[in-house]
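Participant: Dropping a prediction and its sequence here:
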Amino acid sequence: MANSRFALFSEVFAALAHPKRLEIIHILGRGEHSAGQLVELTGLSKANVSQHLNVLKARGLVHCEKCGTFCHYTLTTPKVLEACELMRQVIVEQMEGFTESRRALAEVLSFPEDQKDRA
């Protein structure tokens, strides 16, 4: 039971594990877009956008509403964008910690002459 739950989580995260799919989610977070608009905004080919949308649809992250010969894409829930935002915040916090560590390390490793030059 637990393994199947984590396997499902893994499949959803795998769908999110591509920069262009994250870009598409970011764009759809601003509202509904057609495939043509996504092609224009991402700079990808129509075939590539279609492939990425199929992956996102298969994992239930994106919904397609047919309108004649066009399909209008939306996020299935705003929580998809919220999940991406949470991960962005985790990354920002990690980067801030890394920057502080580098600064502290630079102070420890610097020579007294270097500190005079900075003053």
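Facilitator: Nice, I can see it. Residues are numbered from 1 along each chain as shown.
Participant: Now name the helix or strand holding the residue nearest to the spatial centre of the chain.
Facilitator: When the chain is reduced to its mean C-alpha position, the nearest residue by CA atoms, centre = their mean turns out to be residue 22, at 3.6 Å. Here residue 22, judged by DSSP states H and E, is contained in helix 19-28.
Participant: Give the rounded mean pLDDT of that helix.
Facilitator: Within the predicted structure, the mean pLDDT of helix 19-28 is 96.
Participant: Please apply the same query to stretch 82-101.
Facilitator: Averaged across stretch 82-101, pLDDT comes to 91.
Participant: buried stuff in it?
Facilitator: 83, 84 (16 or more other CB atoms under 10 Å). No exception for glycine: its C-beta is placed from N, CA and C like everyone else's.
Participant: Could you tell me how far that stretch lies from the centre of the chain?
Facilitator: 13 Å (CA atoms, centre = their mean, to the nearest Å).
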